[in-house]
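>>> After the sequence you'll find the predicted model.
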Amino acid sequence: MSSSGNPPATSSAYAPFGQAAFALLWTATLISNIGTWMHDVGAGWLMTTLNPSPAVVTLVQAATTLPVFCFALLAGALADRLDKRRMLLGINVVLLCVVSLLTVLVWLEAMTPGLLIAFTLVIGTGAAFMAPAWQAIVPQLVPREQLKPAIALNSMGINISRAIGPAIAGALIASVGLAAPFAMNALSFLVILTALTLWRPEKTERRRQTGTLLSDMATGLRHVRHNPAMLATAVRAVAFFLFASAYWALLPLIARSVDGGGSTLYGALMALIGAGAVTGAVLLPRLQRIASSDATVRIGTGGTALALILMALAQVPVALLAAAFIGGMSWIAVLTSFNVSAQTALPNWIRARGLAVFLMVFFGSMALGSILWGQVAAVTSIASALYIAAVGLGLGVLLTRKLPVGQGEALDHTPASVWPEAPVHADDQSDDQPAMVIVEYRINPEHRGAFQNKMKSVAKERLRNGATRWYIHQSVEEPEVWVETFHLRSWAEHLEHHGRVSMADMDLHKELRTLHKGPDAPLVRHYIGSR
C-alpha cells in the first residue's frame, strides 16, 4: 500500500498505527522481541555461570550477530525472489523448534559452553534470514509519507521490549531458574506465527527471475557500492557499531563487577537501556525537527561515548543504571537515523538486498567488536576496554565527517518509466545472453569538463541499476564524439534496467542532455553477445 512521490516534511509520529497491518505486526513483533530479549539475558547470564572468562562470555554476543554478517546478503536475495510472508512463517516455525529444544536442555542442566554457542549460532542464523524480509515489508504496510515514523516506531517497539524483557528475565532467573527465559521466548514465537497467518498482504507483481542467487547477491553489493547515500550510511555504521558494541558485549561482566551485582542487576541494566531507548524514541521527533539525521547521529555518538565512560567509572549499581539509561537514549537516536537513511537510500527493486548489506555491516561490526572488546578486557581490564571504545567513537566521527547520513531522504526513487521500449531481439537471440549498450554523445570542447563530471554520476547510476562494467571513450578522429559503453549480465537484465531508472536518475540525465550537441537525443545502440 505504499504510495509514490516525495514524502512531506512532517508526518504524525503515530500515524502508522492507523494502518491495520502495521498495527498487527508491530504488536506481534513487540511480544516476540520481549521473548528475544529474555532469551539474550538468559544466554548471557547462563554463560557467566558456565565460564566467566571475558573472552568466552563475549562469544555469546558474537555468536548472536556473526550469522547475520555471514548470511544476510543471501537472505536479502531470497527475500527479493520469494514470498516474504511465507518465508517468515517457515523460519519462525524452525526457530520455535530450536528454542524449545534449548529450553529442555537448560532445564535438564545438560548445557555446556560449546553447546550454548552452537545453539546461539543456529538461532542467529534464523534471525539473519528473517531480518531483510522483515525490514523490506515495512513499505508494504504504510504509505510512503509514513515510512519515516514507521521505522521510528519499529525501533521504539524493539526498545520497549528491551525495557520489559530483561527485567522479567532477571526476575525469572532469580525466582524460577535459568530455563524460564528460554521457555518464554519459545512461547513468543507462537504470537508472531499467529500474526503472520492473519496478515494478508496485497498481491504484488513478482520479479521475473533472470539470474542465479549469486548474481543477485553481486547486484546487491554493486548497488550499495555505487549508491553514494547507502555507502555513506554503511561506512558511518561501521565507525559507530564497532565501538558501541563494547558495552553490549561486556554488560554481563559489568553487572558482576560492582558491589551487589548479579542477575537482577544485569536484567535491570538491560531494562534501563530499553527504557532510555523508549524515552529517546519519544523525544526523537522533536530532535529531528531541529537537527538533521547526520547531526542526530553525532549527538547520539557523543551520548554513547559518555555512557561508556560512566560505566568504566561506576563503582555502585546506581551509577551503572544511569549510564545504561543514557546509553539507551543515545542508541535509539543513532540506530533510527541509520535505519531511515538506509531505507530512504534504496529503491524498492533492490530494497531487501540493500538492507541486507546494511545488516551485514551492523551485525558484522557488532560481532567483530564483541570479540575485540572481550580480548581487550581479558588482557587489560573491563574499564580499560570501555575507555578505549569511547575514544574510538570520537575518532570515528572525526574520520567519517565527509560522509553525511541521510543523503537519500531528498531523493525520489519512483520509477521514471520514460525510457523508450528496448528493441525486440532476433529469434536466434535469447534473453539470457549478455547485453551491451552504447550511447554516443556530441560534446562541444568548452563543455568537456562539465560532461566528464556528469559522466562520473552516470557511471554510478548504470552500475547500481544493473550494469556490470562501464566505460567512456573519446573519438580520435572526431574529438567531439564521446561513446559510453556499459555491459549487463543478460538482455533480460537490461529490460529490467529500463524499469529501475528513477525520477532522481532522470534529473541527472536531463542535466547531461543539455550538454549534448544537436537537436536529437544521444544515439543509443543495443547488442547481444554471441552464444
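Perfect, thanks for sending it.

>>> As a check, name the ranges of all strands in the protein.
With strands called from DSSP state E, the chain shows them at 435-442, 467-474, 481-488, 523-528.

>>> And the contacts of the shortest one?
Here strand 523-528 makes contact (CB atoms under 8 Å, 6 or more residues apart in numbering) with 422-423, 425, 429-430, 433-440, 491, 494. Where C-beta positions appear, they are placed from N, C-alpha and C, glycine not excepted.

>>> Looking at the strands of the chain, which is nearest to Phe17?
Closest approach to Phe17 among the strands of the chain is made by strand 467-474 (41.3 Å; CB to CB).

>>> and that closest one, average pLDDT?
The pLDDT scores in strand 467-474 average 94.

>>> Quick check: which helices or strands does it pack against?
When contacts are defined as 3 or more CB pairs under 8 Å, 6 or more residues apart in numbering; DSSP states H and E, strand 467-474 packs onto helix 448-464, strand 481-488.

>>> Any idea how far that strand is from the middle of the chain?
Distance of strand 467-474 from the chain centroid (CA atoms, centre = their mean, to the nearest Å) equals 30 Å.

>>> Contacts for that strand next, please.
222, 452, 455, 459, 462-463, 481-489, 497.

>>> got the buried residues for it?
The neighbour-count check on strand 467-474 (16 or more other CB atoms under 10 Å) flags Ala467, Thr468, Trp470, Ile472 as buried.

>>> Kindly report the same for stretch 398-418.
400, 403-409, 411-416.

>>> now stretch 281-292
Ala281, Leu284, Pro285, Gln288, Ala291.

>>> These in helices, which ones?
The members of the buried residues of stretch 281-292 that map onto helices under DSSP state H are Ala281, Leu284, Pro285, Gln288.

>>> Let me know the closest of these to Thr336.
The closest of those, once distances to Thr336 are taken by CB to CB, is Leu284, at 6.2 Å.

>>> residues contacting that closest one?
For Leu284, the contacting residues are Ala152, Thr296, Ile332, Ala333, Thr336, by CB under 8 Å, 6+ apart.

>>> Pull the number of nearby residues for Val176.
12 (other CB atoms under 10 Å).

>>> again, but for Ala390
23.

>>> likewise Asp428?
Neighbours of Asp428 (other CB under 10 Å): 7.

>>> Now do the phi/psi pair for it.
phi -90, psi 10 (degrees, to the nearest 10).

>>> just use 31 as the starting number from now, easier for me
All right, first residue 31 from here; so that's Asp458.

>>> And it, how far from His524?
18 Å (CB to CB, to the nearest Å).

>>> Check Ile188 too.
To His524, Ile188 is 40 Å away according to CB to CB.

>>> what does Ala407 give?
To His524, Ala407 is 53 Å away according to CB to CB.

>>> Ok, Ala344 next?
For Ala344, the distance to His524 - CB to CB - is 60 Å.

>>> And the two? Which one has more around it.
The residue with more neighbours, out of Ala344 and His524, is His524; 23 against 20, by other CB under 10 Å.
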